[in-house]
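Peer 1: This is a predicted model, with the sequence first.
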Amino acid sequence: MSIRILFCLALILSSIAHAQKAPGVDYSSYDIFQMIMDQSINLKAVEIPVLGTNREVPVTFGAEKEGSSAKILKVMSPNKELFENFLRDEENREFANKFIQEFIAGKHRQKNVVNSEGEVVSLLPLNAELRNLEWSTLSEVDYEAALKKFIETFPKSPFSFIDAKTRMDIFRQAGEAPSLHKSPKSNWALYTGLKQYDTWEPLLGEAELYIELGHRELNGGWEVIFKPQKTYAAFEKMQTWFRTLLGSKNNLFEAPGHQRVVMPLIQHLPEENKRYEDRAAEVSRMIQTYIIARALKGKTGVLGARYGDIHNDSDLLNLSTSRGPIRLERNRFYENSIGIEFRAGMKDEVVRRFVQAIYISRLSRNDMSDIAPLSSYSLLTRDVFDYDQYLTAQRLDLSSKIVKKAISNFTNIQKHETNNGRDTHLPIEYLMPLWPWENAPFLKGKAEDLKRISREFIVKLAELDNPTYNDVAELLSAWVTSSDLIRDIEKYLTPQKQLDQVTSPLTVKVKEGGIDVNKIDLGNEFTARMPLKLKGEYDANGVWTSTVYDMTPESREQKIKAVAESIKENFTGSREGVTKIDTIAHGHSLAIAFNFNDAQNRTWRVEWDGISRNYDTEGNLVEGSARGGHIEIVSPKYNPTMEDISAVYSAMEKEGVIPDYKMGGSHINIDYTLFEKNPAALARFLTLFHSHRGIIAFMFQHMNRLRSAEPVEISQNLDLKLRNFNGTAEELATLLYKEKYFNQRHNRKTRYTHIDVTNFMGRVIPEQFIMPDFDVVKARFTGGQGWAQQFRVTKHTKLEMRLFDAPANELEAAFQIKVVRALLNKALNETAPITGKVEIVDHEAYVKNPDLAYQALYKMAQDLDLKVDDYMPYVMNKIVVNKSYIQSKFYVPWKDYADKNYPKIQDWGSPEKPRGSNNMYYSTGMCKALFN
């Protein structure tokens with residue numbers, strides 16, 4: 001066992017010995033997952049317990065970081081012995097003499113040296129006789145004696161007492177050491193001597209808290225070994241401290257590339273141990289798969305990694321492996337322990353936190369009933385590492401000749417990195433399209449789609465003539481993107497809060513004698529992504545030129561129909577009676593839609609929405625350009641129950657279509673007839689929403705959805721009049737139109753707001769603005785062709801809340817509805833003045849200062865009688881998601897982009913005299929009928 005491992009072992013055992021009692025032994029994996037997210041954001045240290053262990057020992061976290069630059073001087077120092085040896089070396093004597101004399105005289109000193117406890121640490125008293133020595137004239141014996149006395153003045157960690165500039169000068173052979181430029185031999189002696197990193201120690205101060213020792217790499221570089229931390233918050237603080245200190249003014253230093261989690265192994269009876277380890281191995285297999293898929297998609301160079309061998313199923317089942325994208329470590333640091341070393345993917349904060357949270361939450365709780373045992377299906381068998389071209393061809397319905405050529409093209413390419421000086425070829429197991437994905441239970445709904453794009457991949461690879469590393473990296477990236485396996489694995493691994501853990505997820509408390517808002521009819525639009533994600537080619541201006549991978553027209557229609565059939569089956573027990581319908585929606589006729597009736601004879605619609613498409617300058621659809629999109633499930637006008645919502649979500653899971661906040665939204669529609677005789681309640685509803693819209697949007701609206709649901713600017717006049725409104729419905733409609741309660745932007749639809757009140761305002765909208773829907777995409781391609789100052793007014797008595805993302809699961813869908821019901825409850829059943837101010841929708845502010853988001857959440861929960869704990873996970877999730885989005889190099893705030901490309905039109909005329917039901921104007925043409 002190496003010295004390095006012995007040190008790590010001692011550190012972990014020391015950490016365990018001093019661990020405080022871990023709380024919450026009855027936590028679920030969902031609770032632990034949220035705890036880790038909380039610690040990563042708020043840095044509130046809580047030890048994470050391991051269920052079922054005799055010792056209440058927490059999970060520990062460690063890391064290692066390699067490098068070669070002088071930045072190491074910011075955190076570590078040669079120890080006293082190494083520094084003494086350097087100063088003693090005859091070839092460094094001229095520099096040493098000058099440095100020592102100047103240091104004794106008070107130069108080159110670091111001011112205010114403190115230890116990790118914040119206590120001042122001073123140099124020990126200097127021997128008086130050293131002050132007057134002429135070091136260059138000393139005999140060897142006298143020099144040796146004087147040097148020892150000089151070194152004794154440093155309590156420890158000599159560089160802690162030497163200023164940063166001088167440290168850098170020594171390391172880089174510059175600045176105050178001019179003699180080092182005179183002799184190349186001296187240069188090398190100094191550089192080599194200081195590279196004995198195994199004997200370095202942390203600088204005094206914070207480095208003592210986080211760094212244990214250094215290690216010298218074979219290439220001469222350094223590796224920092226961090227102390228294991230007992231909480232995830234401390235682990236996050238450690239990384240932030242290190243990356244900030246070694247970073248530049250505008251950029252953080254790279255995160256530690258190798259990170260480790262170690263925990264006690266849960267002890268059960270033998271049979272239960274076997275079941276636990278089988279599922280733990282599956283979690284590890286999927287973590288490895290996830291890291292590889294992420295790396296291939298991002299073209300990070302994982303194909304050329306020196307220690308990138310993928311672990312097969314049998315190795316993973318032992319919970320102990322060699323080096324690879326991950327390394328499983330059983331009993332490595334102490335008896336009856338398990339651990340994982342993440343050796344790839346750690347530079348991406350989102351990936352790092354996700355895989356670490358998954359491993360910890362699942363294995364520390366033995367909460368894996370929704371995870372398949374690894375032994376229940378094969379994915380990474382030895383066959384994957386030694387493909388039989390004939391069996392592979394048969395499985396993918398291809399000729400063996402094509403498969404052979406594709407594999408040959410791949411394996412003939414050499415890695416970028418070398419292994420002990422020898423070039424090696426790309427490992428065949430990285431041909432991810434050839435893995436038997438049809439075996440994975442969580443991918444059953446899209447198995448045929450994956451097979452199809454895998455066939456297309458193999459054909460593309462076989463057609464290449466002498467492909468390069470970059471050629472195959474590009475092909476693999478495109479395949480991973482379209483397969484959308486990353487999202488599938490995230491869905492599969494992420495622990496979910498169970499419905500039985502929540503009290504009243506869908507309903508709110510109504511005071512005695514009040515209007516039961518839980519019985520008010522609503523309408524929903526649920527959305528889910530297609531099994532495959534569009535992967536296209538685009539020109540320099542971002543305009544689509546061709547499709548690489550996508551659903552075929554036939555497979556797309558089959559999938560939409562299958563979703564409709566599965567939902568109907570959940571409602572009625574039969575898949576029969578699903579009917580394809582003709583529809584014109586969103587200003588175009590591309591939609592594919594199916595209707596069916598449920599057991600209560602309510603009509604549902606399932607259709608293709610969010611369709612990407614191109615037009616020429618004349619407004620003609622470019623042939624073959626209709627692509628991408630998602631599946632939208634439109635409910636009838638109904639009173640939604642958890643059974644209704646579960647019927648939708650279980651069908652989506654069965655058919656392999658997963659909701660995704662990036663793919664479509666979730667509209668909630670309210671029948672406004674209940675406000676016709678009580679318009680003051682509608683004014684209250686809007687005022688309440690305005691006072692909480694910042695946090696509601698932050699939780700449930702991704703920043704990219706602002707383009708389809710923009711917050712309306714609320715003037716002081718509108719806010720005041722809504723708070724004190726006591727007029728008629730006609731007067732309220734007039735007020736809203738006067739105040740431009742709609743989207744005013746050129747080339748955008750007026751209903752692209754958080755709440756679309758178009759139908760309610762329809763009675764006063766100027767007649768010339770009421771017209772059929774238009775195609776917003778066509779308008780973009782044709783410089784506004786088809787666009788007009790337009791409102792789509794229909795007979796449906798609905799207010800449409802458009803801001804919501806597609807809920808990831810039935811519980812999130814319920815919580816979105818519950819917020820709406822809570823707003824309705826306070827609007828309809830209370831009359832007290834509303835005190836909250838209009839909230840600004842500012843996602844960036846909440847990301848930069850999460851406390852603002854928490855304050856807004858507490859205020860909303862108190863005001864609407866909701867539970868903070870129900871909604872806090874959505875706040876924390878969006879802090880992570882939006883932070884990543886804001887940090888993207890493509891990010892531009894929507895308002896900045898929209899003001900430049902879609903300027904607001906100011907002249908919308910004046911509201912007309914209110915029209916009655918007998919003389920209303922409606923838009924012509926078919927519109928999507930949410931309310932039947």
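Peer 2: That came through, no problem.
Peer 1: Let me know the secondary structure of residue 77.
Peer 2: strand (DSSP: H, G, I helix; E, B strand; the rest coil).
Peer 1: residue contacts, it?
Peer 2: 83, 157, 158, 159, 160, 200, 201, 202, 203 (Cβ atoms under 8 Å, 6 or more residues apart in numbering). Every C-beta, even on glycine, is put in place using the N, C-alpha and C of the backbone.
Peer 1: mind running it again at 6 Å?
Peer 2: 157, 158, 159, 160, 203 (Cβ atoms under 6 Å, 6 or more residues apart in numbering).
Peer 1: how close does it get to residue 217?
Peer 2: Distance from residue 77 to residue 217, counting by Cβ to Cβ, to the nearest Å: 18 Å.
Peer 1: One more: residue 854?
Peer 2: Residue 854 is 43 Å from residue 217, by Cβ to Cβ.
Peer 1: swap in residue 636?
Peer 2: 65 Å.
Peer 1: If you count surrounding residues, which of the two has more?
Peer 2: A side-by-side neighbour count of residue 636 and residue 217, using other Cβ atoms under 10 Å, places residue 636 first with 20 against 13.
Peer 1: The more buried one is in what secondary structure piece?
Peer 2: Using DSSP states H and E, residue 636 sits within no helix or strand.
Peer 1: Quick check on it: phi, psi?
Peer 2: Main-chain torsions, residue 636, degrees, to the nearest 10: phi -80, psi 180.
Peer 1: ok, the closest residue to it other than its chain neighbours to residue 32 distance?
Peer 2: Closest residue in space to residue 636, ignoring its immediate chain neighbours: residue 602 at 3.9 Å, by Cβ to Cβ, 6 or more residues apart in numbering. Distance from residue 602 to residue 32, counting by Cβ to Cβ: 40 Å.
Peer 1: Residue 539: how many residues sit nearby?
Peer 2: With other Cβ under 10 Å as criterion, residue 539 counts 8.
Peer 1: these two touch, right, it and residue 545?
Peer 2: Yes: under the criterion of Cβ atoms under 6 Å, residue 539 makes contact with residue 545 at 5.5 Å.
Peer 1: Identify the contacts common to the two.
Peer 2: By Cβ under 6 Å, 6+ apart, no residue touches both residue 539 and residue 545.
Peer 1: Residue 602 and residue 32: which is more packed in?
Peer 2: residue 32 (26 against 15).
Peer 1: before we move on, which element is that one in?
Peer 2: helix 29-42.
Peer 1: buried sites along that helix?
Peer 2: Neighbour counts over helix 29-42 (16 or more other Cβ atoms under 10 Å) mark 29-41 as buried.
Peer 1: Now distance to residue 581 and pLDDT too, for the residues you listed, in CSV please.
Peer 2: Shown next, in CSV, are the buried residues of helix 29-42 (distance: Cβ to Cβ, whole Å; pLDDT from 0 to 100):
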residue, distance to residue 581, pLDDT
29, 43, 94
30, 40, 95
31, 45, 94
32, 47, 95
33, 42, 96
34, 42, 95
35, 48, 95
36, 47, 96
37, 43, 94
38, 47, 94
39, 50, 96
40, 47, 95
41, 46, 94
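Peer 1: For the stretch 401-550 of the chain, which segments count as helices?
Peer 2: 447-463, 469-483, 485-493 (DSSP state H, counting those that start in this stretch).
Peer 1: Residue 310: which of those is closest?
Peer 2: helix 469-483 (13.5 Å; Cβ to Cβ).
Peer 1: Identify each buried residue in the closest one, please.
Peer 2: Neighbour-count burial for helix 469-483 [16+ other Cβ under 10 Å]: 469, 471-473, 475-483.
Peer 1: Tell me which other helices or strands that helix touches.
Peer 2: helix 270-298, helix 447-463, strand 535-538 (3 or more Cβ pairs under 6 Å, 6 or more residues apart in numbering; DSSP states H and E).
Peer 1: Determine the angle, from 0 to 180 degrees, between it and helix 270-298.
Peer 2: If you take axes from the mean of the first three to the mean of the last three Cα atoms, to 10 degrees, helix 469-483 sits at 120 degrees to helix 270-298.
Peer 1: Starting from residue 246, give me the distance back to the residue nearest to residue 108 when sequence neighbours are not counted.
Peer 2: Sequence neighbours aside, residue 166 is the residue nearest to residue 108 in space, at 4.2 Å (criterion: Cβ to Cβ, 6+ apart). Distance, residue 166 to residue 246, using Cβ to Cβ: 18 Å.
Peer 1: The nearest residue to residue 33 once chain neighbours are set aside: what's it in contact with?
Peer 2: Here the nearest residue to residue 33 in space, its sequence neighbours aside, is residue 361; by Cβ to Cβ, 6+ apart that works out to 4.0 Å. Applying Cβ under 6 Å, 6+ apart to residue 361 gives the contacts 29, 32, 33, 495.
Peer 1: Columns distance to residue 817 on top of those, output as JSON lines?
Peer 2: JSON lines is the format used below for the contacts of residue 361 (distance: Cβ to Cβ, whole Å):
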{"residue": "29", "distance to residue 817": "26"}
{"residue": "32", "distance to residue 817": "28"}
{"residue": "33", "distance to residue 817": "24"}
{"residue": "495", "distance to residue 817": "23"}
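Peer 1: any idea which of those is the one closest to residue 882?
Peer 2: Of the contacts of residue 361, the one sitting nearest to residue 882 (Cβ to Cβ) turns out to be residue 33, at 18.9 Å.
Peer 1: Surely the closest one and residue 357 touch.
Peer 2: Yes: using Cβ under 6 Å, residue 33 is in contact with residue 357, at 5.2 Å.
Peer 1: ok now stretch 127-142, how far from the chain's centre?
Peer 2: Centroid separation for stretch 127-142 versus its chain: 62 Å, with Cα atoms, centre = their mean, to the nearest Å.
Peer 1: May I see the buried residues of it?
Peer 2: 130, 133, 135.
Peer 1: From what I see, residue 790 and residue 771 are in contact.
Peer 2: Yes: the criterion here is Cβ under 6 Å, and residue 790 meets it with residue 771 at 5.0 Å.
Peer 1: who has more neighbours, the two?
Peer 2: Taking other Cβ under 10 Å, residue 790 and residue 771 do not tie; residue 790 has more neighbours (20 against 17).
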